[in-house]
Structures are given as C-alpha cells and as structure tokens.
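Engineer: can't give you the sequence, but here's the structure:
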C-alpha cells in the first residue's frame, strides 16, 4: 500500500523528470535539468524518506556527474560561514556538557522555568526571542541555548525521545530563529534584504521602523502561536529528576574557565560591527581553544562523538541549493511566473498584500530562506507597478514570506539546532508546517491590519 510519503516522493520524481525532459518555456535545457534535481532533492529533504545527508550526496553527485555546475558552486555550502558556525556549535555544546556547566546554568534558571510544563516551553521561547536582540546569528543563539535548555529538560526528568524533551528541542530551534526575522540585524535574510534594497532601489531600512512594523505580529504573536502549537503536539509533564552524580572536585574551576571563554565569545559576537570579524570565525577561534590539548575541554573522542557530520552534510546541501538556483538564473523566472499567476492589481490592497507574501513564501521553498530576498528584491519595482503599492511596502512583504518557514530545510539554523539537541528533524517539521498554515490564515490578515493602522498601506 502506497504511503503519503511514498506518493510525495514519486510525484516529486515524476515532476522533476518531466521538467528536465520537457523543458518549460523560458528555461534552457541545462536550467530545466538543474531545476529537476533541485525539486527532487527538496522533496527528499521535506519527506525525510532517506537520511538527509544521503539526499545531500545525491544532490551533489547529480549536479557534478551531469556537468551542470562546477565543484565550487556545488560545494559552496562548505565555504559558508554558517556551516563553520555549526561545527563550532557542536564543539561548544560538548564542552558545556562535559564540564557540567550546562547543568549548573540549568539549575540557576530552573526555578523560573520548572513551575509547570507550560512555563517551561514559554520560558524557553522567551529566552530565544530576547537573545535575538543581543546576538546577530541564529546559529550562534542555538549554540548558546541548546545545551542550556537540554540540561533543564534533563533536570526535569524529560528523557531523550520523550514528548517533553522533543518539545524543548523544537522550541529552542524555533525561538533562536523565527522571532528574529522581525529584528533587522538578527538574521542573514534580513541583512541580505537591507543590502539589496539600498543597492538596487536606494532605500535604507531603519532599525526602529523595521522593528515596529514586524515585531508585534511576526515576533510577539508568532511566538505565542508557536508555544501553543508545541504544547498541542507534544503534551507532557515536567518533574524533577533524581539527583545527578557529583562532578569532579575541579569542576567549578573548569566551569569558570569555560564561562570566561564563552563570555568573551559573546562579547565579540555582540560587537562584530566594531571589529569587523564575522561571528563564525569568532566561534571557530573559541572551538580551537576548547579543542587544544593543553586546555582540554573537549577530547578527540568527545569531538568525534559530539560533531554530527550527518547534520553538517545536510546543511551544506541545503546551503548549496540557493547558490545553485541563483547561479543557474532560475530564481527570477520562477518568481516572475508565480507573480504573473497571482491576482495583482492596483487598488486591491488586501489581495496584493497576501499575494506578495505568498510569492515570498513560495520563493523561499525553492531557494531556501536566505535566497528569497536576493531573488525578489530586483523584482520589487515591477511588483510595485503591478500592485500600485510603494516599493518599500513591496520590499517589506518579503519579510512576512521568508519568515514563514514551512519545512526545516528552508532555514539551516533550524537543522543545526535540532542536531545539537539530538532530536529528530521530523518532530520539528510537524510544528513548522502547522505554524506556517496558521500564519497564512491568521497572522497575515492581522499583519495587514497592523500595517493599515501604522499607515503603511
């Protein structure tokens, strides 16, 4: 009997082959083959029909064997700052766990989070959302929050694979990424949008205006919605676990040394605009210190056990999708086709608002979230003419779309966070799909009313 997953895979494979053979109008044969490979890979990642790292290897192999892209483009994910920040995250997580620092910090915050299960999930969401104002990287926020939140979960007796522990992992992943789309410098797509808007249209996005426009709905209300969905899908009870074994006598000193390294890293992250060093390279420097034999926070054996190379391979594949799509010139034709299908017309503000948001959602499904603003920003002038809306309003609707993550592969920091937590990615996919659906039904109309109230529309 054919399952839903098998049907989706089969349908995706048939569509990919059809596109490659029939070559849709406006595409060259090579572009059609690349599009087919991308769609098939996205289908495999979305359904988790095979291990995600294997899908990445299939994606790499198909492009290279077919001579469709150069190794530099196909393996561009390995040169991305995000992937090395992820590697640093695994090392830092191992150090926090091995020294018992995570347990100690968890005990400090447990009185605030452990009153009941609802308070635990809401508190973890609030911590992630607040950290978005302090740290410029979603992956960096996950690196800090995941070990702490998992230690809290362990202290409350939430065992690996249980509803409660999965819920904590999912909440950390979401809180470290989605609310910060409403804070201008806090996520990569926001920065890409701001840079492209100034370069192409001469429009500078202000921090305060961006925050006021987006945070009430996409930050606050979406956070509340995500907590409600997590609690609905993963009901549980949190109870204090049995006391853990005593740590070695020098544990306090080791924890103090590790805390000093981590605080220095956080300060350097928060001041990157002053010294110009990317958060990824700061994270790498911290990882080097933690791996040094003389310092010895993470042994070679712990390194092998803690770094999830399957997650690393998946993230590199996902990161490469956006590069491959843009390098092949596929983004603009596909976005333009979707724009022509949507009901865009001057004077129909609500229909235009919803349509532009959906255009960004669909583009993010194909190019992944970081690629969406790079594809759509050059089209903003034409979309402004088609809708009668100012270019700045058209640009801002992109945020609604690329912050609506339907499947984890769209946002690599989500994959990294779940890898750090050691919980299955499909558990997160259930929540992201539900939240995306509720965003389309509830939050987008509320966002439209908020924009009207502010006088943007």
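Structural biologist: Nice, I can see it. Model, not experiment: these values are computed from the prediction.
Engineer: what's the distance between the closest residue in space to residue 234 that isn't next to it in sequence and residue 260?
Structural biologist: Computed as Cβ to Cβ, 6 or more residues apart in numbering, the closest residue to residue 234 that is not its neighbour in sequence is residue 167, at 3.8 Å. C-beta coordinates here come from the backbone N, C-alpha and C atoms, glycine included. Going from residue 167 to residue 260 by Cβ to Cβ, to the nearest Å gives 32 Å.
Engineer: Which one's more surrounded, the two?
Structural biologist: Between residue 167 and residue 260, residue 167 has the larger neighbour count (other Cβ atoms under 10 Å), namely 27 against 10.
Engineer: For residue 206, grab the count of nearby residues.
Structural biologist: Neighbour count for residue 206, taken as other Cβ under 10 Å: 11.
Engineer: pLDDT value on the residue nearest the centre of the chain, please?
Structural biologist: For the chain, residue 411 is the residue whose C-alpha lies nearest the centre (Cα atoms, centre = their mean; 3.1 Å). Listed pLDDT for residue 411 reads 89.
Engineer: again, but for residue 71
Structural biologist: pLDDT at residue 71 comes out at 92.
Engineer: Wait, it touches residue 61, no?
Structural biologist: No: Residue 71 is not in contact with residue 61 according to Cβ atoms under 8 Å; the separation is 11.6 Å.
Engineer: where does residue 237 land in three-state SS?
Structural biologist: Using DSSP: H, G, I helix; E, B strand; the rest coil, the structure places residue 237 in coil.
Engineer: Surely it touches residue 156?
Structural biologist: No: in this structure, residue 237 is not within contact of residue 156 by Cβ under 8 Å, at 9.1 Å.
Engineer: who touches both of these two?
Structural biologist: Taking Cβ atoms under 8 Å, 6 or more residues apart in numbering as the contact criterion, the residues that touch both residue 237 and residue 156 are residue 164.
Engineer: who has more neighbours, the two?
Structural biologist: Regarding residue 237 and residue 156, a neighbour count based on other Cβ under 10 Å identifies residue 156 as having more, with 22 against 11.
Engineer: how far away is residue 269 from residue 111?
Structural biologist: Applying Cβ to Cβ, one obtains 28 Å for the distance of residue 269 from residue 111.
Engineer: for the residue nearest to the centre of the chain, phi and psi?
Structural biologist: Here is the backbone geometry of residue 411 (degrees, to the nearest 10): phi -130, psi 100.
Engineer: Please give me every residue in contact with it.
Structural biologist: Residues touching residue 411, when contacts are defined by Cβ under 8 Å, 6+ apart, comprise 138, 177, 368-369, 405.
Engineer: Name the nearest of these relative to residue 394.
Structural biologist: residue 369 (18.2 Å; Cβ to Cβ).
Engineer: buried residues in stretch 386-405?
Structural biologist: 386-387, 389, 391-405 (16 or more other Cβ atoms under 10 Å).
Engineer: Find me the pLDDT at the residue nearest to residue 234, would you?
Structural biologist: According to the model's per-residue confidence, residue 167 sits at a pLDDT of 96.
Engineer: Work out for me the element it sits within.
Structural biologist: helix 163-175 (DSSP states H and E).
Engineer: quick one: low-confidence parts of the stretch 51-200 of the chain?
Structural biologist: For the stretch 51-200 of the chain, the stretches flagged by pLDDT under 70 are 106, 110, 114, 136.
Engineer: same thing but 90
Structural biologist: The model of the stretch 51-200 of the chain has pLDDT under 90 over residues 51-53, 55, 66, 73, 76-117, 119, 127, 130-161, 184-200.
Engineer: so where do the helices sit in it?
Structural biologist: With DSSP state H, counting those that start in this stretch as the definition, the stretch 51-200 of the chain shows helices at residue ranges 52-65, 71-74, 81-99, 101-113, 117-131, 138-155, 163-175, 188-201.
Engineer: Select, out of those, the one closest to residue 288.
Structural biologist: Nearest to residue 288, of the helices of the stretch 51-200 of the chain and by Cβ to Cβ, is helix 81-99 at 8.8 Å.
Engineer: Distance from that closest one to the middle of the chain?
Structural biologist: Mean-position distance between helix 81-99 and its chain equals 17 Å (Cα atoms, centre = their mean, to the nearest Å).
Engineer: wait, what's in contact with the residue nearest to residue 236 when sequence neighbours are not counted?
Structural biologist: Beyond its immediate neighbours in the sequence, the residue positioned closest to residue 236 (Cβ to Cβ, 6+ apart) is residue 164, lying 3.4 Å away. Shown here is residue 164, whose contacts under the criterion Cβ under 8 Å, 6+ apart are 117, 120, 153, 156, 158, 234, 236-238.
Engineer: Most neighbours among the residues you listed, please name it.
Structural biologist: Counting neighbours by other Cβ under 10 Å, residue 153 comes out on top of the contacts of residue 164 with 29 neighbours.
Engineer: give me the low-pLDDT residue ranges for the stretch 251-400 of the chain?
Structural biologist: 251-345, 347, 362-382, 385-386.
Engineer: thinking again about what came up before, looking only at neighbour counts, state which of residue 269 and residue 111 leads.
Structural biologist: When neighbours are counted by other Cβ under 10 Å, residue 269 and residue 111 differ, and residue 269 comes out ahead with 23 against 8.
Engineer: Now do the phi/psi pair for the more buried one.
Structural biologist: Its backbone dihedrals place residue 269 at phi -60, psi -50, with angles given as degrees, to the nearest 10.
Engineer: likewise residue 292?
Structural biologist: With angles defined as degrees, to the nearest 10, residue 292 shows backbone torsions of phi -60, psi 130.
Engineer: same check, this time on the one 4 residues further on
Structural biologist: Residue 296 has phi and psi values of phi 70, psi 40 when expressed as degrees, to the nearest 10.
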